[in-house]
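J.: build me a structure from this.
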Amino acid sequence: MTDAHGHGAPAAPAKTGSSARQLIQTLGGLGLVAGLIIVVAYSATLPRIEANRARVLAGAITEVLGSPARYDTLYVVGDSLTASPAGDRSTLETVYLGYRADSTIIGFAVVGADPGFADVVRLIFGYDPRESRLLGMKVLEEKETPGLGDKIEKNKDFVAEFTGATAPLKGVKKGQSKSPNDVDMITGATISSRTVIRAINKTLERLGPALAAALQERSP
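T.: All right, here's what the predicted structure looks like:
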């Protein structure tokens with residue numbers, strides 16, 4: 001059409017509001033679908049993830065306790081340990097009491113954690129309250145710097161230092177260990193080394209009395 005002056009009719013204004021709403025609705029729908037896919041995938045893989053974690057933990061318990069014949073799971077409730085807590089056990093902290101084949105007690109496997117250089121370092125260590133002695137240590141999870149901080153897990157000499165060490169631990173420079181409490185830290189990874197030592201000391205400071213009491217109750 002033309003107007004009285006012979007010009008074409010003005011173009012209709014773009015429906016920007018409607019287009020924006022459609023775009024938002026489309027993006028929202030896609031986000032919802034993506035979210036559902038993530039939830040379904042996570043739900044499907046969770047049992048396998050949990051089963052793998054359980055296998056890793058069982059292997060770590062065996063390692064830090066020196067291949068026990070068996071072990072009991074104990075739950076931290078207040079200031080004590082119990083094998084049969086009331087209520088939901090999934091939220092409770094656990095420790096593991098290892099036995100030899102003749103049913104004598106080896107010691108406890110205890111999980112500890114503390115912030116490292118990059119992220120939280122999670123580990124497990126064996127401990128005998130009768131002598132305040134460590135039986136072993138294994139890092140379970142860490143995201144420290146590859147080639148440096150991750151040596152807390154990969155450096156066999158560093159890991160071996162914890163077997164037979166006496167708590168509380170003290171980090172010292174390499175080659176300066178003078179007592180059973182001393183642990184030579186890894187050159188170039190002192191922050192990560194201190195994290196391991198600190199995680200063990202803090203865990204024993206918090207749980208040490210409960211571990212000692214539980215062992216005394218179960219000893220002949």
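J.: what about the helix or strand hosting residue 50, distance to the chain center?
T.: Residue 50 is located in helix 16-64, with elements delineated by DSSP states H and E. Relative to its chain's centre, helix 16-64 lies at 20 Å (C-alpha atoms, centre = their mean, to the nearest Å).
J.: now swap in stretch 191-207 and tell me
T.: A distance of 13 Å separates the C-alpha centroid of stretch 191-207 from that of its chain, computed with C-alpha atoms, centre = their mean.
J.: skip the chain neighbours and tell me the closest residue to residue 82.
T.: Nearest in space to residue 82, with sequence neighbours left out and distances taken as C-beta to C-beta, 6 or more residues apart in numbering, is residue 75 at 5.6 Å. Backbone N, C-alpha and C define where each C-beta goes, glycine included.
J.: in terms of helix, strand or coil, where does the one you found fall?
T.: Secondary structure state of residue 75, per DSSP: H, G, I helix; E, B strand; the rest coil, is strand.
J.: that one: neighbour count?
T.: Around residue 75 sit 17 other residues, with neighbours defined as other C-beta atoms under 10 Å.
J.: now do the contacts for it.
T.: Contacts here follow C-beta atoms under 8 Å, 6 or more residues apart in numbering; on that basis residue 75 touches 81-83, 85, 89, 92-94.
J.: my guess is residue 117 meets residue 190, correct?
T.: No: look at residue 117 against residue 190 with C-beta atoms under 8 Å: they stay out of range, at 9.5 Å.
J.: what about this protein, any weak spots by pLDDT?
T.: By pLDDT under 70, the weakly predicted segments of the chain are 1-17, 41-42, 46-47.
J.: residue boundaries of the helices in it?
T.: Assigned by DSSP state H, the chain shows helices spanning 16-64, 151-154, 156-160, 190-218.
J.: and the second one, what does it pack onto?
T.: Read that as helix 151-154. Applying 3 or more C-beta pairs under 8 Å, 6 or more residues apart in numbering; DSSP states H and E, one finds that helix 151-154 contacts helix 156-160, helix 190-218.
J.: for the chain, longest strand please?
T.: Looking only at the chain and at elements set by DSSP state E, the strand with the highest residue count is strand 105-115.
J.: output it as PDB, restricted to C-alpha atoms.
T.: The C-alpha trace of strand 105-115 is given here as PDB (Å, rounded to 0.1, in the frame of the first residue of the first chain):
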ATOM      1  CA  ILE A 105      44.000 -55.800  68.700                       C
ATOM      2  CA  ILE A 106      46.300 -54.200  66.100                       C
ATOM      3  CA  GLY A 107      45.000 -50.600  66.400                       C
ATOM      4  CA  PHE A 108      42.700 -48.200  64.600                       C
ATOM      5  CA  ALA A 109      42.400 -46.900  61.100                       C
ATOM      6  CA  VAL A 110      41.300 -43.300  61.200                       C
ATOM      7  CA  VAL A 111      40.400 -40.900  58.400                       C
ATOM      8  CA  GLY A 112      41.600 -37.300  58.700                       C
ATOM      9  CA  ALA A 113      41.600 -34.200  56.400                       C
ATOM     10  CA  ASP A 114      42.900 -30.700  56.200                       C
ATOM     11  CA  PRO A 115      43.200 -27.900  53.600                       C
END
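J.: who's in contact with the residue nearest the centre of the chain?
T.: Residue closest to the mean C-alpha point of the chain, counted by C-alpha atoms, centre = their mean, is residue 122 at 3.8 Å. By C-beta under 8 Å, 6+ apart, residue 122 lies in contact with 111-113, 139-142.
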